[in-house]
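A.B. asks: Show me the folded form of this:
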Amino acid sequence: MVKTFTGRWNPLLEKTYIDETRKATQVIWLGRIAVLNQYVVRLVTDNDLLCLFKIIGLCTRQCSIDSYDQWNHFADSCYLVRYKNDKQWQREDAENYTLKEFASDKQNDPEFTRQGEFTGNIIISAYDTQRDKRVIIDGIHRATILTNECEKQLRIPNATIYECYGDKVDRIFSCDFCHF
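C.D. replies: So this is what the prediction gives:
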């Protein structure tokens, strides 16, 4: 069962959230990019996204996690943009993994084992306040590794969560929230 996370959240500028998400994923929801003759072209500007956040009432926040208890509490609240039985989001019968389910499936997978220090500690999420669902948008590898390291009582590094939230978050992340 996925639980609600009540960490200590602090304000985050919407622009910072958008910048970090674009940097991390290269392609971001309505702010997707196109490559034209080896040049990256943004189809939606930062200002367009900022206006959209304001119009639909989305807010942004951040939370630092520095303990097993905090991480486990956060991990208990998360779904992923990974789907059970190797399905893709386009399938009507696709079902999102929870972070804990995915981490359990990947605990012996070398791709999900830390090989050194993380190059970044930011994990990007989106939280639908109406559905009470949180989806990790970027940082699935880090989140999976941290979850498994917590289970093994290994020392974990601090993690910072950047999150957008509101009751219309699915208008921005429609593909990521369509199975709830």
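A.B. asks: Give me the most central residue, this structure.
C.D. replies: The residue lying closest to the centre of the chain (C-alpha atoms, centre = their mean) is I136, at 2.1 Å.
A.B. asks: That one: what's it in contact with?
C.D. replies: For I136, the contact set (C-beta atoms under 8 Å, 6 or more residues apart in numbering) comprises C78, Y79, L80, V81, L99, I123, I124, S125, A143. The way it works is simple: take the backbone N, C-alpha and C, and place the C-beta from them, glycine included.
A.B. asks: Of those, which belong to strands?
C.D. replies: Counting by DSSP state E, these place C78, Y79, L80, V81, I123, I124, S125 in strands.
A.B. asks: Wait, the fourth one touches I137, no?
C.D. replies: What that stands for is V81. Yes. Proximity of V81 to I137 meets the contact threshold set by C-beta atoms under 8 Å, at 6.7 Å.
A.B. asks: Which one's more surrounded, these two?
C.D. replies: Comparing V81 with I137 by other C-beta atoms under 10 Å, the one with more neighbours is I137, at 23 against 17.
A.B. asks: Ramachandran angles for the more buried one?
C.D. replies: phi -90, psi -40 (degrees, to the nearest 10).
A.B. asks: Against E163, how distant is the closest residue to it other than its chain neighbours?
C.D. replies: In space, and not counting its chain neighbours, I137 is closest to I124: 4.5 Å by C-beta to C-beta, 6 or more residues apart in numbering. Distance of I124 to E163, computed by C-beta to C-beta, to the nearest Å: 8 Å.
A.B. asks: I55 now?
C.D. replies: Distance of I55 to E163, computed by C-beta to C-beta: 19 Å.
A.B. asks: If you count surrounding residues, which of these two has more?
C.D. replies: E163 (24 against 10).
A.B. asks: pretty sure that one belongs to a strand, no?
C.D. replies: Yes. Using DSSP: H, G, I helix; E, B strand; the rest coil, the assignment for E163 is a strand.
A.B. asks: what's near enough to touch the residue nearest to it when sequence neighbours are not counted?
C.D. replies: Leaving aside its chain neighbours, E163 sits nearest to S125 (4.5 Å; criterion: C-beta to C-beta, 6+ apart). For S125, the contact set (C-beta under 8 Å, 6+ apart) comprises C78, R134, V135, I136, I137, I161, Y162, E163.
A.B. asks: Out of these, flag the one nearest to D19.
C.D. replies: Using C-beta to C-beta, Y162 comes nearest to D19 of these, at 9.8 Å.
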